[in-house]
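S.K.: Below are the sequence and a predicted model for it; my questions follow.
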Amino acid sequence: MPSSTTRTSSVRRSRTRRAGESAYGALLVVRTVLMGLLALLLLAAGVWTSWNTAQYAMLVKAQERGTMTVARCEDDKCTGPYVPTEGDGKARPKVSIVEAAAPDEGQRVEVTVEPGTAHAVRTGPAGILHAWVPFAGALLLAALVVAGGMRLRRTAWVMGLCGAVLLGAAFAALQGI
């Protein structure tokens, strides 16, 4: 049996190995920071894109709120006459709306007209959810970056599920489910 006075000697790593380990650690930190910045860029782009439409669907006390009757759909947009219900709006013979947000031909939908244009934005829950679809897509893409690049799997699952729920809610609202 060895005596208790025996010591184990520690082996000292070479300077090259220690530098290599430090460089690898620094690369891991740089990778995490870059992936975090990429995820933030994706989310910011999604919010920016969504806000262009969402501001009219959600917050603006629009001067031109009314209903649009869908007359014809072609080239990813639907057109039809507009009749104001509130504000200082005037009846217009033709406004356009994105086809994805429009109901079937012949049906009426509540809209607000963007100031200075003939472009209408759908209002109400369906219009608000449709406006935030680009942000939902950005959440899904950022979830992949967070999971793969940052190794934060639980956070990525939450982001991905939030994006999927938002997409599903927008689809259900637009279909009238």
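M.R.: Alright, I've got the coordinates.

S.K.: and the helix or strand containing Leu161, which residues are buried?
M.R.: Assigned by DSSP states H and E, Leu161 falls within helix 153-175. For helix 153-175, a neighbour-count test (16 or more other CB atoms under 10 Å) marks Ala156, Met159, Gly160, Gly163, Leu166, Leu167, Ala169, Ala170, Ala173, Leu174 as buried. From N, CA and C alone the C-beta is placed, and that goes for glycine too.

S.K.: Next, format the residues you listed as a markdown table and append distance to Ala23 and pLDDT.
M.R.: Below are the buried residues of helix 153-175 laid out as a markdown table (distance: CB to CB, whole Å; pLDDT from 0 to 100):
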| residue | distance to Ala23 | pLDDT |
| --- | --- | --- |
| Ala156 | 27 | 97 |
| Met159 | 31 | 97 |
| Gly160 | 33 | 97 |
| Gly163 | 36 | 97 |
| Leu166 | 41 | 97 |
| Leu167 | 42 | 96 |
| Ala169 | 47 | 96 |
| Ala170 | 46 | 95 |
| Ala173 | 52 | 93 |
| Leu174 | 52 | 89 |
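
S.K.: Compute the inter-axis angle for the longest helix anywhere in the chain and helix 153-175.
M.R.: Longest helix in the chain by number of residues (criterion: DSSP state H): helix 15-54. Interaxial angle, helix 15-54 versus helix 153-175 (axes from the mean of the first three to the mean of the last three CA atoms, to 10 degrees): 20 degrees.

S.K.: Look up how far Gly106 lies from the residue nearest the centre of the chain.
M.R.: With distances taken as CA atoms, centre = their mean, Phe135 lies nearest the centre of the chain, 0.8 Å away. Taking CB to CB, to the nearest Å as the measure, Phe135 and Gly106 are separated by 31 Å.

S.K.: Then Ile97?
M.R.: Counting by CB to CB, the gap from Ile97 to Gly106 is 14 Å.

S.K.: who has more neighbours, those two?
M.R.: The neighbour count for Ile97 versus Gly106, taken as other CB atoms under 10 Å, is higher for Ile97 (24 against 9).

S.K.: Might you report the residue contacts of that one?
M.R.: Neighbouring residues of Ile97 by CB atoms under 8 Å, 6 or more residues apart in numbering: Met68, Val70, Lys77, Cys78, Thr79, Val109, Val111, His119, Ala120, Val121, Arg122.

S.K.: Which residues are in contact with Val113?
M.R.: Val113 neighbours (CB under 8 Å, 6+ apart): Ala62, Glu64, Gly66, Tyr82, Gly89, Arg92, Val95, His119, Ala120, Val121.

S.K.: which of those residues lies closest to Tyr24?
M.R.: Tyr24 lies nearest to Val121 out of those, by CB to CB, at 51.0 Å.
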